[in-house]
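> Sequence first, predicted coordinates after that:
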Amino acid sequence: MQLTHRDFDDVRVVSVSDDRIDAACAIQFKDEMRAMAEGDASRVLLNLANVTFLDSSGLGAIVACLKAMPKDTKLELAGLDGAVLKVFQLTRMNTVFTIHDDVDSAVAGYRHAS
Amino acid sequence: MTMLTRRWPATGMRLERDINYHMKSLDVHDETALISLDFEASNTCVRETLKTTGNALEAAGYGAEFRATVELVLAEILNNIVEHAYADQGFGPIRLTIIPTDGALKFEVVDHGVPMPNGNPPEGKPADLSCATEDLPEGGFGWFLIRELTHDFCYIRENEQNNFSFVVTQDES
């Protein structure tokens, strides 16, 4: 489970390199995200553009990340597509998370807001 | 992957590899066709099985959205077996059989693990998400997804085996 990050302005973009977040790697994903969320950014944007499969373990791990975010840090999602978006929609977790189409539009939105 | 030799009690079949893959033929138009896989209950084998199944369905002409639904349902059922049915011993065989039916696929999944608690799979009620963030559920989505995406879901405990059967229809996905 590999996560990479880019920091700019007040947002840390964390990208998942693996194409699946599933039972086999959900725990490692949670652990890696915990490390990634420790920073000065007030926003963490989790970029799932490479991810083509998410099961309930993966979804649970993402929810766990949301719950574990440091107090003044927001977690938002970007790059959900196809099967991954469908899992969020079926479970209505798309009403819990802020979901952006992609990283660029999310970051542009943050810039206009500030 | 490690080599396994283990007798499958019901048929006396030996599992000589982690995944044994028997396919007569898989054809969306042929209702007698079937695919049958025997594999070890591990996350790695589940991933491999999902890939094998996906490739077989693609070769047989099933569309991408349907295949994605099948992959999700199978992942949930199989992960549940890995995590719960064989929790005590940490390993065990799973047999997956896929049979085309009219506009759908029928699935049969058999394992030799512990029975479902309460004799029945969970109802999979949708979670209440109106709570505070810190109270959001991190689990329980699996059975909701299975119930949501399948028809005719059936669980029978027989001969110390857990038998699941269910249908995924093509127009539903």
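Arrived safely, thanks for sending. Residues are numbered from 1 along each chain as shown, chains lettered A, B, ... in the order given.

> A strand includes residue A:4, no?
Yes. Residue A:4 forms part of a strand when assessed by DSSP: H, G, I helix; E, B strand; the rest coil.

> Could you double-check that it lies in contact with residue A:14?
Yes. With contacts defined as CB atoms under 8 Å, residue A:4 counts as touching residue A:14 at a distance of 7.4 Å. (C-beta placed from N, C-alpha, C; glycine too.)

> which of these two has more neighbours?
Higher neighbour count among residue A:4 and residue A:14: residue A:14, with 24 against 11, using other CB atoms under 10 Å in any protein chain shown.

> give the contact list for the more buried one.
A:3, A:4, A:5, A:33, A:36, A:44, A:45, A:46, A:47 (CB atoms under 8 Å, 6 or more residues apart in numbering or on different chains).

> bridging residues for it?
Residue A:14 forms beta bridges with residue A:5, residue A:46, as assigned by DSSP bridges.

> Distance of it relative to chain B?
19 Å (CB to the nearest CB, to the nearest Å).

> Quickly find the element holding the spatially most central residue of chain B.
For chain B, residue B:74 is the residue whose C-alpha lies nearest the centre (CA atoms, centre = their mean; 3.9 Å). Using DSSP states H and E, residue B:74 maps to helix B:64-80.

> Could I get the buried residue list for that helix?
B:66-80 (16 or more other CB atoms under 10 Å in any protein chain shown).

> how much space between the residue of chain B positioned farthest from its centre and residue A:19?
Centroid-distance maximum for chain B: residue B:132 at 33.5 Å, with CA atoms, centre = their mean. Residue B:132 sits 33 Å away from residue A:19, going by CB to CB, to the nearest Å.

> Show me where chain A has its helices.
For chain A, the helices defined by DSSP state H occupy A:26-36, A:56-68, A:82-90, A:103-113.

> for the chain, which spans come out with low pLDDT?
The chain I'm using is chain A. Flagging of chain A using pLDDT under 70 yields the residue ranges A:114.

> right idea, wrong chain: chain B
Flagging of chain B using pLDDT under 70 yields the residue ranges B:1-33, B:172-173.

> of all the residues in it, which ones are close to chain A?
Within chain B, the positions lying close to chain A (CB under 8 Å from any CB of the partner chain) are B:43-44, B:46-47, B:68, B:71-72, B:75-76, B:79, B:82-83, B:126-127, B:129, B:133-134, B:136-139, B:141-142, B:144-145, B:148-149.

> among those residues, which are in helices?
B:43-44, B:46-47, B:68, B:71-72, B:75-76, B:79, B:141-142, B:144-145, B:148-149.

> Tell me the one among those residues nearest to residue B:36.
Of all these, residue B:46 has the smallest distance to residue B:36: 16.2 Å, by CB to CB.

> one step back: tell me which two of the ones in helices among the residues of chain B next to chain A sit farthest apart.
For these, the farthest-apart pair by CB to CB is B:44 and B:148; their separation is 27.0 Å.

> Ramachandran coordinates for the residue farthest from the centre of chain B?
Phi and psi for residue B:132, reported as degrees, to the nearest 10, are phi -70, psi 160.

> Could you pick out the residues of chain A near chain B for me?
Applying CB under 8 Å from any CB, one finds that chain A approaches chain B through A:20, A:22-24, A:53, A:55-57, A:59-61, A:63-64, A:66-67, A:82-83, A:86-87, A:90-93, A:95-96.

> One more pass at 6 Å, please.
Contacts of chain A with chain B, taken as CB under 6 Å from any CB of the partner chain, map to A:23-24, A:55-56, A:59-60, A:63-64, A:67, A:83, A:90-92, A:96.

> are any of those buried, and which?
A:23, A:24, A:55, A:56, A:59, A:60, A:63, A:64, A:83, A:90, A:91, A:96.

> Does the second one touch residue B:46 like I think?
The reference is to residue A:24. No. Residue A:24 is not in contact with residue B:46 according to CB atoms under 6 Å; the separation is 7.4 Å.

> picking that back up, are any of the residues of chain B next to chain A buried, and if so which?
Neighbour counting with 16+ other CB under 10 Å marks B:43, B:46-47, B:68, B:71-72, B:75-76, B:79, B:82, B:127, B:136, B:138, B:141-142, B:144-145, B:148-149 as buried within the residues of chain B next to chain A.

> Quick one: the helices of chain A as JSON lines, columns for distance to residue A:10 too.
Shown next, in JSON lines, are these (distance: least, CB to CB, whole Å):
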{"stretch": "helix A:26-36", "distance to residue A:10": "15"}
{"stretch": "helix A:56-68", "distance to residue A:10": "19"}
{"stretch": "helix A:82-90", "distance to residue A:10": "25"}
{"stretch": "helix A:103-113", "distance to residue A:10": "7"}
